[in-house]
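Novice: need a 3D model of the sequence below.
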Amino acid sequence: MLRLYGSARSRGLRTLWMLGELGLQYEHKDYLPRSAETKTPEFRAMNPNGRVPVIDDGGFVLSESMAINLYLAKKHGRLYPADAKNEALTWQWSLWETDRLDRQIVNYVNHTSALPAAERKPEIAQAAWAEVVPALDVLETALAKAQWLAGTDFSVADLNVASALYRALSVDLAKWPKVKTWLERCWERPAAKKARAMREQP
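Specialist: Residues are numbered from 1 along each chain as shown. A predicted model of the protein is given here:
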């Protein structure tokens with residue numbers, strides 16, 4: 001059985017969403033980032049970076065959540081584009097997100113609302129927002145041309161980007177109506193709701 005190492009309170013959230021979309025059975029090791037479990041020799045043998053998520057799929061060990069999701073979608077023949085152009089768009093958007101929005105949206109939300117007030121640094125929030133705005137502008141332009149990011153249906157491209165924008169669900173996206181509608185549509189999917197509930201449980 002496939003085993004997933006990584007908490008819903010980590011980037012493992014996007015892999016939990018993917019596993020739900022695919023309807024796969026799996027064993028879940030609910031490891032938080034930088035937890036004691038990620039520092040053991042056994043875990044470091046799987047991922048020397050000591051980061052989650054990691055999967056063990058019948059002896060095939062893979063880390064990096066975007067790569068995990070692309071692998072799972074392609075292997076199981078669902079949510080993965082059938083043609084080379086949409087496959088390339090899937091890679092494009094997945095890689096773009098990790099560069100342009102992933103850490104930036106985390107820093108912005110952390111330093112405006114998520115962290116205790118005493119730990120927030122306005123300068124970090126301001127610098128992050130300065131990068132978030134043009135990235136959301138790019139996404140808005142793309143979604144004005146098509147309902148989904150890679151083809152005519154929801155795919156791993158949408159899942160990868162929307163899952164990484166989990167924190168944007170609490171951000172005022174009125175300036176980007178296409179992004180707001182698309183993001184809400186993605187997170188309304190049953191597998192997304194289930195993954196979100198796992199993250200937000202007390």
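Novice: the longest helix in the protein is where?
Specialist: In the chain, assigned by DSSP state H, the helix with the most residues is helix 122-145.
Novice: distance check, the residue lying closest to S170 once chain neighbours are set aside against R103.
Specialist: Nearest residue to S170, sequence neighbours excluded (CB to CB, 6 or more residues apart in numbering): V109, at 6.4 Å. Any C-beta I mention is one placed from the backbone N, CA and C, and that applies to glycine too. According to CB to CB, to the nearest Å, V109 stands 11 Å off from R103.
Novice: looking at those two, which is more packed in?
Specialist: V109 (20 against 13; other CB atoms under 10 Å).
Novice: helix or strand: which one has the more buried one?
Specialist: Per DSSP states H and E: V109 is located in helix 102-109.
Novice: ok, now V61?
Specialist: strand 60-63.
Novice: so how far is the helix or strand just after that strand off the chain centroid?
Specialist: The helix or strand immediately downstream of strand 60-63 is helix 65-76, counting by DSSP H and E. A distance of 12 Å separates the C-alpha centroid of helix 65-76 from that of its chain, computed with CA atoms, centre = their mean, to the nearest Å.
Novice: ok, and for helix 65-76, which residues are buried?
Specialist: 65-66, 68-73 (16 or more other CB atoms under 10 Å).
Novice: what's the most distant pair in these?
Specialist: S65 and A73 (12.5 Å; CB to CB).
Novice: for R189, give me its contacts.
Specialist: 21, 154 (CB atoms under 8 Å, 6 or more residues apart in numbering).
Novice: any idea of the pLDDT on P202?
Specialist: At P202, the pLDDT value in this model is 78.
Novice: any idea how far R167 is from the residue of the chain most remote from its centre?
Specialist: Distance from the centre of the chain peaks at A118, with 27.9 Å (CA atoms, centre = their mean). Going from A118 to R167 by CB to CB gives 20 Å.
Novice: quick check: the closest residue to R78 other than its chain neighbours vs D56, distance?
Specialist: Spatially, and ignoring its direct neighbours in sequence, R78 is nearest to L22 (5.7 Å; CB to CB, 6+ apart). Using CB to CB, we find L22 at a distance of 16 Å from D56.
Novice: that older thread, next, the angle helix 65-76 makes with the helix holding V109.
Specialist: 130 degrees (axes from the mean of the first three to the mean of the last three CA atoms, to 10 degrees).
Novice: could you export helix 102-109 as CSV, CA atoms only?
Specialist: C-alpha atoms of helix 102-109 as CSV (Å, rounded to 0.1, in the frame of the first residue of the first chain):
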residue,chain,number,x,y,z
ASP,A,102,4.2,29.4,-2.9
ARG,A,103,6.4,31.0,-0.3
GLN,A,104,5.1,34.5,-1.0
ILE,A,105,1.5,33.8,-0.1
VAL,A,106,2.6,32.0,3.0
ASN,A,107,4.7,34.9,4.1
TYR,A,108,2.0,37.4,3.4
VAL,A,109,-0.7,35.6,5.3
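Novice: how far out from the middle of the chain is it?
Specialist: For helix 102-109, the distance to the chain centre is 12 Å (CA atoms, centre = their mean).
Novice: what is that helix packed up against?
Specialist: Contact here means 3 or more CB pairs under 8 Å, 6 or more residues apart in numbering; DSSP states H and E; on that basis helix 102-109 packs against helix 122-145.
Novice: no more questions from me, cheers.
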